[in-house]
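Chemist: Could you work out the structure for the sequence below:
(one chain, ligands or ions: 1)
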Amino acid sequence: MSVMEPDVNAVLPLPRECTFTENDWRVLARYWYPVAIADEVKDAPVAAKLLDVSLVVYRSSAGKAVVARDLCFHRGAPLSKGWMENGEIVCPYHGFKYNCEGACTSVPAHPNSKISPRLKLAMYPAVERYGLIWTCLAGGEEPRLPDFPGWEDPDFIRILPPSFDIAGSAGRQMEGFLDVSHFAYVHTESFGDPNNTEVPQYKVRREGTELFADYVSTVSNYGKGQNIPVPEGFLWLRAFRVFPPFAASLTVHFPHEGKLMILNCASPVSARYTRLFCPIARNFDKDAPVEDAIRFNLQVFSEDRAMVEAQKPEDLPLDLLEEVHIPADRTSIAYRQLLSELGLGRNYTS
Ligand code: FES
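Modeler: Okay, here's the model as predicted:
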């Protein structure tokens, strides 16, 4: 993902019930986020929400993903409660049909009358990648999505867990994903070792608006009870790469050249609610049941969720003086600085 210069003065209508500050909403609306799992958008429209904007996701008859505001401008009914007919979405209230460009093609109450050009859906760009459907509320720009090379690599298998909802902010979730000193406390039921608390030194590198952190430690990534022997002296490398505002990848280097890649996409439903999408790719255990990996990841997400939902303040503080930092927090300190530079938090009030 390259630098996007958010134009915070762009005139985009704010959602009716906006939980963000106006500044933050206008900055965040310029970025791309996943809003649905591609395979879940089939023959019926799917409801989604991004930055407090209700969306409907559906497919054209050619299978192209379409994202629109979940609102029929006739009488305000949600189109996501409607259905599909020949690649057109049908409003459930009076049966108006809309094509994949958002134009109304049928008003059943007046089949022989000209249709008002004002009967057009509010459309957003849609891109399908990494098994997800992505959109951007400000639209019009080239899609700027995080890199996730494992997904396209034939040496890797793809695993796509279901989306995971968190009653917490995307910033807090993201920071938790980057945090390396909580393994021994939050993840003792999955992979953390309560007797291995010390965080060795590591460095954070900045390239453009991306962050890179290679964290080497003795904390295993094998699940509790797996009892898989590790070569003597093996050190676990966890390579983080941050794509602001709310995506990051983690490549965990396993013994024998194994690589597990996780793309953490925290889609901001609202300022205090996050839908996590997390495609995974790995180049080992290719014949092992993917259900085991999905179950393990859901366990880890659940352990993190309990903490993210309890943190105060709910918004990630971007003023570095607001919370106290330790050396192990290098990545999160750099992440907060990065979000500040994007223009977020300029009128932070909570
Ligand atoms: Fe959609 Fe009337 S509200 S057709």
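
Chemist: burial of whichever residue of the stretch 101-250 of the chain sits closest to the ligand, as a residue count?
Modeler: The ligand sits closest to Val107 of the stretch 101-250 of the chain, with a gap of 7.7 Å, by CB to the nearest ligand atom. (Each C-beta comes from the backbone N, C-alpha and C, glycine too.) Counted with other CB atoms under 10 Å, the neighbours of Val107 add up to 19.

Chemist: so what's Pro268 up against?
Modeler: Leu28, Tyr33, Leu50, Leu51, Ser169, Ala170, Phe246, Thr274 (CB atoms under 8 Å, 6 or more residues apart in numbering).

Chemist: Name the nearest residue to His256, sequence neighbours excluded.
Modeler: Once flanking residues are discounted, His256 sits nearest to Phe284: 7.4 Å by CB to CB, 6 or more residues apart in numbering.

Chemist: Helices of the stretch 51-200 of the chain, start to end?
Modeler: Counting by DSSP state H, counting those that start in this stretch, the stretch 51-200 of the chain has these helices, from start to end: 170-178, 183-186.

Chemist: and the residue in the stretch 201-350 of the chain that the ligand sits nearest to, how many residues sit next to it?
Modeler: Nearest residue of the stretch 201-350 of the chain to the ligand (CB to the nearest ligand atom) works out as Val269 at 24.1 Å. Counted with other CB under 10 Å, the neighbours of Val269 add up to 22.

Chemist: what do you get for Pro149?
Modeler: 11.

Chemist: now swap in Pro154 and tell me
Modeler: Counted with other CB under 10 Å, the neighbours of Pro154 add up to 6.

Chemist: Over to the one 4 residues further on?
Modeler: Burial of Arg158, expressed as a neighbour count using other CB under 10 Å, amounts to 15.

Chemist: residues in contact with it?
Modeler: Counting by CB under 8 Å, 6+ apart, Arg158 touches Gly131, Trp151, Pro279, Ile280, Ala281.

Chemist: Just list whatever residues bridge to it.
Modeler: Ala281 (DSSP bridges).

Chemist: now Pro268
Modeler: According to DSSP bridges, beta-bridge pairing links Pro268 with Thr274.
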